[in-house]
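Participant: here is a sequence with its predicted model. Questions after.
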Amino acid sequence: MREELKRLKDEALAAIEETATAAGLQDLRVRYLGKKGALTGILRGMGTVPADERPALGQLANEARDAIEARLTDRAAALESTELDARLGAEKVDLTLPGTWLPRGSEHPMSQVTEEVKAIFTNMGFQVVDGPEVETDYYNFEALNIPKDHPARDTQDSFFINPEILLRTQTSPVQIRTMEKMTPRLPVRIITIGRVYRRDESDPTHGSVFHQLEGLVVDRGITMGDLKGTLTLMARSLFGEGVRIRLRPSYFPFTEPSAETDVSCPVCDGAGCRVCKGSGWIELGGSGMVHPRVLTAGGYDPEVVSGFAWGFGIERMTMRKYGIEDLRHLYSNDVRFLRQF
Ligand code: DAH
């Protein structure tokens, strides 16, 4: 039995030395020291040993157990530190390696123009406001001096939801909504940018959904000079220092007088080129002095205050700024197109 104990101990110690994993050590612990383990098995045979030899044998067995136990603990500690070394080695970060290029998106040209316009007008003291896209006939037409039988309704083929509710055809209803709830009452200096809807066929310059920039200023003593000055400042910030604004007589029910608003071509400075189709001018949209009926609908006295307003297409402004020839590019979500901006 003495021999057996010694052999068992040597065998266990050698096996422990050869084990390279924590799981392997756990197996050995069970195999040698566990309840059904080898050492326990030997000790069970103690009964057959003469009584006077038992203490010495017992001591030997204890020594063997302690030795195996100690070796297991040492080996576990050693394994742990080599495993840690290996992991630290593998996870080491080499700061001198070149970085990985992550593909990034770019801001859509329409969003860029929108943000630029907002910045230009907030710098001039304007507030940016919002209005609903599902609008009532009253705000979209009636309050803007376009009664039910008015021919101007024909120029804005509308998506009606029922006879009184429609998808707004213009951002001008926001003028009325703003005036109604403006506090303090003066001055009114707002812009709004948002989607509008018309029953138009889609082509290079039209779509059934597009965006407008609407502006409204109301105060005592506002003149058409203020209109021109304000829009000139916007055009110069957006298209370049040298550009000029031209107002051509026009008609809108909600302004009097009304104007088509042109900006001198930023490419040829009015000489005529491909971008402005030879005319030297680029059309931005409508503007004018707010009609007295519209001021009244907004709760203002046209005898006391006056105002100007404008409504430009954001798509058109974006196309002019970047020389884009087809509106549909803006909605195609083609990364090759969008990456250029
Ligand atoms: N609402 C007009 C349209 O969609 C554009 C417009 C013209 C807006 C003149 C205005 C304005 O505020 O004064 O065709």
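Facilitator: Sure thing, it's come through. Numbers count the residues shown, from 1 in each chain.
Participant: what sits against the closest residue to the ligand within the stretch 1-150 of the chain?
Facilitator: Of all residues in the stretch 1-150 of the chain, the one sitting closest to the ligand is L144 (7.9 Å; Cβ to the nearest ligand atom). C-betas here are computed from N, CA, C, even on glycine. L144 makes contact with 172-173, 175-176, 253-254, 294, 297 under the criterion Cβ atoms under 8 Å, 6 or more residues apart in numbering.
Participant: rerun at 10 Å
Facilitator: With contact taken as Cβ atoms under 10 Å, 6 or more residues apart in numbering, L144 is in contact with 138, 150, 152, 170, 172-173, 175-176, 252-255, 291, 293-294, 297, 309.
Participant: same question, D85
Facilitator: No contacts exist for D85 under Cβ under 10 Å, 6+ apart.
Participant: what number of residues lie near the closest residue to the ligand within the stretch 51-200 of the chain?
Facilitator: Nearest residue of the stretch 51-200 of the chain to the ligand (Cβ to the nearest ligand atom) works out as Q170 at 3.6 Å. Using other Cβ atoms under 10 Å, Q170 has 23 neighbouring residues.
Participant: on the three-state scheme, it is what?
Facilitator: Remark: Q170 carries the secondary structure label coil [criterion: DSSP: H, G, I helix; E, B strand; the rest coil].
Participant: let me know whether it touches G311 as I believe.
Facilitator: Yes. With contacts counted by Cβ atoms under 10 Å, Q170 reaches G311, the gap being 6.2 Å.
Participant: how does this protein divide up, domain by domain?
Facilitator: The record, using automatic domain parsing to delimit domains, assigns the chain the ranges 2-90, 109-338.
Participant: now, of those domains, which is deepest in the fold?
Facilitator: domain 109-338 (a mean of 17; mean count of other Cβ atoms under 10 Å).
Participant: give me the average confidence score over that domain.
Facilitator: Per-residue confidence for domain 109-338 averages out to 95 on the pLDDT scale.
Participant: any idea how far apart the tips of that domain sit?
Facilitator: As for domain 109-338, its first-to-last residue distance stands at 8 Å under the measure Cα to Cα, to the nearest Å.
Participant: distance from the chain centre to it, please.
Facilitator: The chain centroid and the centroid of domain 109-338 are separated by 26 Å under Cα atoms, centre = their mean, to the nearest Å.
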